[in-house]
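Trainee: Structure, please.
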Amino acid sequence: MQNNLYTFLNRIQGNWFLQENFYLLPNKQHTQNKERVSFLKNSQNIRFDLPNFLIKNINSHKSLFKLEKAKANRMTIRSINRNGQVNYKEYIYLINNNLIISLIIIKNSHKQTYLGIKISSYIRLIQ
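Mentor: Numbers count the residues shown, from 1 in each chain. The predicted structure is shown next:
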């Protein structure tokens, strides 16, 4: 799994255009956001391997997230919620080297109802 995660993280390095849509289901509200983001970019002066750091620390007891599955083109992440009331799961799909789709589902664990859905698309910016 670590080799797949390293391959995935190396493929997403760079600058991206993000468009995200968040649907809050109980209130039937919709918000939309567009911005530029940068993944795993190190400063020119620092020799630090960010993918290796993430791989070593993602499943530690200090992390807020737990990696459930990692393949070369997709990843599933679950949030570790201290009070156990909210279940957060993110599915990230690397369609090709220039497009990523992310789906986040937020669910109330006690009532077994969905609270929100967030759909994001990332398009790589040409350097």
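
Trainee: now what about stretch 113-127, what contacts it?
Mentor: Outside of stretch 113-127, the residues within contact range by CB atoms under 8 Å, 6 or more residues apart in numbering are 14-26, 36-37, 86, 97-108. Bear in mind the C-beta positions are built from the backbone N, C-alpha and C, glycine included.

Trainee: Identify each buried residue in it, please.
Mentor: With burial defined by 16 or more other CB atoms under 10 Å, the residues of stretch 113-127 counted as buried are 115-116, 118, 120, 122, 124.

Trainee: which element is residue 4 on?
Mentor: Residue 4 belongs to helix 2-11 when assigned by DSSP states H and E.

Trainee: circling back to that earlier point, mind listing which of the buried residues of stretch 113-127 are in strands?
Mentor: Using DSSP state E, the members of the buried residues of stretch 113-127 that fall in strands are 115-116, 118, 120, 122, 124.

Trainee: picking up where we left off before, go through the buried residues of stretch 113-127 and name the one nearest residue 8.
Mentor: Ranked by distance to residue 8 (CB to CB), the buried residues of stretch 113-127 are led by residue 122 at 13.1 Å.
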